[in-house]
Structure formats: structure tokens, C-alpha cells
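[1] generate a structure from the sequence data that follows.
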Amino acid sequence: MQYLFIFLKGLMMGAADLIPGVSGGTIALITGVYEKLLKSINSISWKNIVEIKRSGVKFVWNKINGGFLLTLLSGVITSILLFSWLLEWLFKNESIGLWSFFFGILLASFIFLIKIEIQKKTVSFFSLLIGIFISYQITKIAPSSIQTVSLWYIFLSGFFGITAMILPGISGAYILLLMGVYQIILSNIRQAQQLIFNFNEEVFVDVTQVLGIFFLGIILGIKFFTKLLTFLLDNYRNYVMSFLIGLMIGSLNKIWPWQNAVNKSNLIENHQVVPVLPHHYSGDDPELSKAITFILLGFASIFFLEKIKSFLKK
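    As a prediction, the model looks like this:
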């Protein structure tokens with residue numbers, strides 16, 4: 001049962017990482033696996049790999065918390081493969097409901113996290129404000145559009161994209177948008193799915209090259225950044241947690257349900273939007289009742305997760 005819940009958390013993280021404006025790190029922090037995930041990834045080292053010869057696979061597997069990592073990663077990968085098509089459809093057809101649900105999740109998360117993590121110290125509140133400012137400024141940067149990219153740029157996209165995915169509030173998908181490679185990566189993932197049913201050698205080589213370099217950047221980026229974050233959490237936990245929660249708060253404008261387009265482009269990369277009040281929404285219908293319903297559902301889902309966490313601890 002424990003691993004089932006870990007897998008479900010991985011599914012939620014994977015879905016969040018596909019959405020520009022929501023972070024898998026946010027979901028990890030909300031569901032209580034954030035620090036455990038960082039420490040588990042950080043424990044994967046050459047030293048522990050060599051240890052297999054002396055102590056055996058089982059000892060090292062337990063040392064790096066392999067069961068937890070494998071289950072969570074399986075959930076993330078499964079979510080990306082299964083939901084990439086669904087989320088794209090929701091973006092186009094049910095955007096208000098989708099954003100409302102995640103908005104409700106983040107609102108409920110702040111109540112729990114601020115109550116538990118934020119201490120009544122000036123430095124903690126200062127760290128919170130810095131996090132809010134940085135995250136908000138990142139969401140204001142306009143996405144770029146690149147038609148063709150080199151492999152070294154794909155590598156950097158993976159490196160910095162996964163760094164953002166680890167940070168609550170900073171969307172890795174949005175970083176890919178800013179770097180102009182979001183649609184390229186998503187397209188290659190779709191092509192990889194299609195190869196299962198319709199294999200083409202030329203497409204296979206191209207997709208393997210792009211995704212291989214991208215995932216190499218992810219592996220190196222996640223190893224570097226988890227080591228840094230683990231050190232900071234071990235030595236400055238209160239301030240770092242305040243900063244991370246600030247990052248989440250600062251990203252709220254990016255997932256506000258009502259967004260008006262700044263330009264006329266239909267391309268995701270060029271689609272710049274600005275948050276507005278429902279009565280200023282330029283779409284067909286602000287769908288206020290639907291938005292409130294999904295905000296409440298998102299809000300309730302966090303309370304449900306907290307109840308599950310409390311039950312498992314007993």
C-alpha cells in the first residue's frame with residue numbers, strides 16, 4: 001500500500017512537470033516526499049556503486065532507498081507517457097478547469113506549509129519574500145521560439161529544466177518554454193510513443209539522439225542540484241523552506257484560471273498571457289461556477305492527502 005501511494009505521487013509529479021506554470025517539485029513538497037527525494041538522489045554516487053562488490057546489491061539498494069526512487073520515478077515516467085496527450089487537450093479545451101484545479105492545490109498547500117514550516121523570525125519572512133520576488137519575475141519573462149536547436153542546447157535545456165522541476169514554484173516546463181524547446185521535446189516524446197506501433201529507423205535515430213542528449217542533461221543537472229539543495233536543507237533548513245514556499249507563492253499568477261492573450265499566436269512557445277479578473281476575461285465564457293468547483297476540488301485533494309499521510313503514520 002505504501003508503494004502504491006508513492007507511485008500515485010509520482011503520477012502527480014509527472015503530470016505537473018508537463019504543465020508550464022506548475023512544478024513537480026511543488027507536488028513533491030506538498031505530498032511530503034521532497035526532502036526524502038533529494039536525499040535519495042544525492043545518495044546515488046560512484047562510491048555507493050563500487051560498494052556493491054563488497055556489500056552486495058541489496059545493501060546498496062537499501063542505502064540509496066532504491067525502492068522509493070524506482071516507484072516514484074516509475075510514476076513520473078508513466079504519467080508523462082500517458083498524460084502528455086490528455087494535458088494538451090485540456091490546455092486547449094478545458095483550460096479554466098485545469099488551472100482552477102491546480103490553483104486550489106497551491107492555495108491549500110500554502111496553508112499547511114506556512115503553518116508547519118515558516119517560523120516567526122524576520123529572516124524567515126525575508127527568505128519568503130525573496131522567493132516570491134524571484135518566482136514572480138521568472139513568470140513575467142516572455143517565452144522564446146526557436147525553430148532548430150543544436151544538441152548542446154538540448155543538453156542545457158535538460159540541465160536547467162530539471163533544476164527548475166526540483167524547485168517548488170518554478171515550472172521546468174515553463175523553463176523549457178523560455179528556452180524555446182518545449183514543443184520540440186514534447187514532439188519527440190510523442191514520436192517515441194508512435195514508434196512503438198509504427199517503427200521507422202530514421203525517426204528512431206533522430207528521436208533517440210534528441211531525447212538521449214536531453215535526458216543526459218537531466219541526469220547531470222539533477223545530481224548537481226540535489227547535492228546543493230541537500231546541503232542547504234541540512235544546514236539552513238528554516239530559511240531554505242521559507243524560500244521554497246516563497247517560490248510557490250510567486251508562481252500563483254502563472255496558474256490563475258483567467259488569462260488573456262497578449263499576442264495572437266497559436267503556438268505554445270509564442271503564447272504570452274496576462275492574468276485578469278473573470279469579468280475582464282476575453283474568452284467565450286469565464287465559467288465562474290466551474291472554476292470555483294475545481295478550485296474547491298483542488299483544495300479538498302490536499303486535505304485528503306494530509307488525511308492519508310496522517311493515517312499511514314499511525
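
[2] tell me where the stretch 151-300 of the chain has strands.
    259-261, 273-275 (DSSP state E, counting those that start in this stretch).

[3] distance to residue 103 and mean neighbour count added to these, as a markdown table?
    (C-beta placed from N, C-alpha, C; glycine too.) Listed next are the strands of the stretch 151-300 of the chain as a markdown table, based on distance: least, Cβ to Cβ, whole Å; neighbours: other Cβ atoms under 10 Å:
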| stretch | distance to residue 103 | mean neighbour count |
| --- | --- | --- |
| strand 259-261 | 11 | 16 |
| strand 273-275 | 11 | 15 |
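
[4] reformat those as JSON lines; add mean pLDDT and distance to residue 197.
    Below are these laid out as JSON lines (pLDDT from 0 to 100; distance: least, Cβ to Cβ, whole Å):
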{"stretch": "strand 259-261", "mean pLDDT": "78", "distance to residue 197": "35"}
{"stretch": "strand 273-275", "mean pLDDT": "77", "distance to residue 197": "35"}
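
[5] let's have those strands in CSV, adding distance to residue 16.
    CSV is the format used below for these (distance: least, Cβ to Cβ, whole Å):
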stretch, distance to residue 16
strand 259-261, 18
strand 273-275, 19
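
[6] leaving out chain neighbours, which residue sits closest to residue 34?
    residue 28 (4.3 Å; Cβ to Cβ, 6 or more residues apart in numbering).

[7] the one you found touches residue 40, doesn't it?
    No - applying Cβ atoms under 8 Å, one finds residue 28 not in contact with residue 40, separated by 11.3 Å.

[8] looking at the two, which one has more neighbours?
    Neighbour totals were compared for residue 28 and residue 40, and residue 28 leads with 25 against 20 (other Cβ atoms under 10 Å).

[9] the more buried one and residue 94, how far apart?
    25 Å (Cβ to Cβ, to the nearest Å).

[10] what do you get for residue 162?
    Between residue 162 and residue 94 the distance is 28 Å, computed by Cβ to Cβ.

[11] what does residue 30 give?
    The gap separating residue 30 from residue 94 is 22 Å, by Cβ to Cβ.
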